[in-house]
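**Q** structure here, sequence nowhere to be found:
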């Protein structure tokens, strides 16, 4: 592990949506969050998804709020000082390092993505940030991610929080997402944590879900695979779920004061026993 300060771990990168002709889930998410780093093809794909799931933008914003609550809980309440954010997407407001460093300026964050546009913007926007590294990597191949993160920023002999927020649903079963998460969990020291948010079709009609999935299948760089509560909970096997367990992200860790959106994503935090 190296010293503090921003670093970029260069690596042979996958070939996701690197041109404007293919929609990128990372850039579609940025569009729904009100960002500026997206192309016409991303906006068109996002609009097509919204035809079938009208609350898609609000769900993306709800997921971002979930990230904020999760990182605050991990840093403030559990005292975790290291974060590995895989599938981090494009930098926006209230990034992981901003929340974590607001708790303790000794926190370290490794961001990982395989979208070249997201990586380029992360390098530019985070270049002055202390305790941050940006790594080109793919969740389906977690070994190199762990290697680079350990070499550049994180100490895996100490607790680390792995964040897999709105990313696992882009990994179909054929790419063995559970095995990839098992590799990550096995690398974590006692006292570490895993946070997951994941789209589900449990709260919408089957036709709506299939139509939205088809947009990703035909026009984006990755498919979208909704999973049930039981399937999402399986990612936490071997960990102790923090209260309230796997639930609607709008209800984590407590229900909102006003009625929320239709169920769109499940989320939870699992803790590795000390």
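**A** Alright, I've got the coordinates. Computed from a prediction, not measured in an experiment: that's the story for all the values here.
**Q** the helices in this structure, which residues?
**A** Per DSSP state H, the chain carries helices over the ranges 25-32, 40-52, 56-72, 96-103, 116-126, 142-152, 177-186, 206-219, 229-233.
**Q** what comes up buried for the third one?
**A** What it means is helix 56-72. Across helix 56-72, burial judged by 16 or more other CB atoms under 10 Å covers 56-60, 62-64, 66-67, 69-71. All C-beta atoms are positioned from the backbone trio N, CA, C, and that covers glycine.
**Q** picking up where we left off before, got the helices of the chain as JSON lines, with mean pLDDT and distance to residue 199 columns?
**A** JSON lines is the format used below for the helices of the chain (pLDDT from 0 to 100; distance: least, CB to CB, whole Å):
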{"stretch": "helix 25-32", "mean pLDDT": "91", "distance to residue 199": "11"}
{"stretch": "helix 40-52", "mean pLDDT": "94", "distance to residue 199": "11"}
{"stretch": "helix 56-72", "mean pLDDT": "96", "distance to residue 199": "8"}
{"stretch": "helix 96-103", "mean pLDDT": "93", "distance to residue 199": "20"}
{"stretch": "helix 116-126", "mean pLDDT": "81", "distance to residue 199": "19"}
{"stretch": "helix 142-152", "mean pLDDT": "96", "distance to residue 199": "21"}
{"stretch": "helix 177-186", "mean pLDDT": "98", "distance to residue 199": "13"}
{"stretch": "helix 206-219", "mean pLDDT": "86", "distance to residue 199": "9"}
{"stretch": "helix 229-233", "mean pLDDT": "98", "distance to residue 199": "9"}
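**Q** which of those helices sits most buried?
**A** Greatest average neighbour count among the helices of the chain goes to helix 25-32 (a mean of 26), per mean count of other CB atoms under 10 Å.
**Q** circling back to that earlier point, residue 87: which of the helices of the chain is closest?
**A** Nearest to residue 87 among these is helix 25-32 (8.0 Å), distances taken as CB to CB.
**Q** so which of the helices of the chain is nearest residue 270?
**A** Of all these, helix 177-186 sits nearest to residue 270, with 8.2 Å by CB to CB.
**Q** for the closest one, packing partners?
**A** When contacts are defined as 3 or more CB pairs under 8 Å, 6 or more residues apart in numbering; DSSP states H and E, helix 177-186 packs onto helix 142-152, strand 161-165, strand 193-199.
**Q** quick one: those as a markdown table, columns for distance to residue 186 too.
**A** Shown next, in a markdown table, are the helices and strands packed on helix 177-186 (distance: least, CB to CB, whole Å):
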| stretch | distance to residue 186 |
| --- | --- |
| helix 142-152 | 10 |
| strand 161-165 | 11 |
| strand 193-199 | 11 |
